[in-house]
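Asker: Generate coordinates for the sequence data below:
(2 chains)
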Amino acid sequence: GENVEQHPSTLSVQEGDSAVIKCTYSDSASNYFPWYKQELGKRPQLIIDIRSNVGEKKDQRIAVTLNKTAKHFSLHITETQPEDSAVYFCAASIPPGYSTLTFGKGTMLLVSP
Amino acid sequence: DTGVSQDPRHKITKRGQNVTFRCDPISEHNRLYWYRQTLGQGPEFLTYFQNEAQLEKSRLLSDRFSAERPKGSFSTLEIQRTEQGDSAMYLCASSSTNREEAFFGQGTRLTVV
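Answerer: Purely as a prediction, here's the structure:
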C-alpha cells in the first residue's frame, strides 16, 4: 500500500519567515495530494490540494509543489503569522474514483511573534 | 448544514464494553470515510462507504469493529469488547462523487479505562 513520509516533525519559525514542509510518497499511482491543518482539539481542515497533472498551486500565502518523478510534494507558507501555528498533515490517495487518504505523521509548526 | 457532525464528542468506557459512534456527513456528499487518529499521528483510514455500500475496509479494522450506513446518509461505527488500545480519536469525513476533497468532522474521542 501507499506510504507517506513527512519532514520535519517540528518546525519553529519567527513571524514573517517562510516555512516549508516536505512529504514523499511511495506509490507512483497516487494522483491527489491534499494538505490539512489541525489546531489543537479541532478537526483537520483542508487548506490546499494538488493533483498529479499540476506541478504547482498557490493560494495567497500558501503554495504546494509536486515532483512526480521524485515522488515528493511540499507545502510552502510565506509571511508566517502566529495563527499559522498548528499541526500540518500531508496525504496522498490512489485512484480510481474515490479518495481514501494515506497521511503523513504531521509537522507541528510553531510561529513565534 | 454547516459540515460533518459526529456524536458523541467524547466517550469514556470500561474495557470490554461496546460503544457506538454516529457520523452525519455533509448532506450532498455520497462518500463517507472513517479514520482513527492517535496522539502524535496522522489519521489512519479505517473504512469507506459510497452511498450505503461499504467499498473498502482497512486491515486495521478488526472483527470487533463494524460500520454501517443503512440509508446512505448517516453512518455508525461500533466497537465491541473495547480494549485499551482502542483509545483514540475517531474521525469521520465525507466527500462528493466528482471531487476528491474530503471534509472532516470534529471527531469522537474514545477513552477505554
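Asker: So which residues on chain B come close to chain A?
Answerer: B:4, B:31, B:33, B:35, B:40-45, B:48, B:50, B:55-56, B:91, B:95, B:100-107 (C-beta under 8 Å from any C-beta of the partner chain). For every residue, glycine as well, the C-beta is placed using N, CA and C.
Asker: Buried ones only from the residues you listed, please, as a PyMOL command.
Answerer: Burial among the residues of chain B next to chain A is assessed by 16 or more other C-beta atoms under 10 Å in any protein chain shown; the matching PyMOL selection reads:
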select buried, chain B and resi 4+31+33+35+42+43+44+45+48+50+91+95+100+102+103+104+105+106+107
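Asker: Leaving out the residues flanking it, which one is nearest to residue A:63?
Answerer: residue A:76 (4.5 Å; C-beta to C-beta, 6 or more residues apart in numbering or on different chains).
Asker: Run through the bridge partners of whatever residue of chain A ends up closest to chain B.
Answerer: Residue of chain A nearest chain B, by C-beta to the nearest C-beta: residue A:103 (3.1 Å). Using DSSP bridges, the bridge partners assigned to residue A:103 are residue A:91.
Asker: follow-up on the earlier one: dump the residue contacts of the residue nearest to residue A:63.
Answerer: A:18, A:19, A:20, A:62, A:63, A:64, A:65 (C-beta atoms under 8 Å, 6 or more residues apart in numbering or on different chains).
Asker: Tell me the confidence at it?
Answerer: Residue A:76 carries a pLDDT value of 98.
Asker: That one - that's part of a helix, no?
Answerer: No - using DSSP: H, G, I helix; E, B strand; the rest coil, the assignment for residue A:76 is strand, not a helix.
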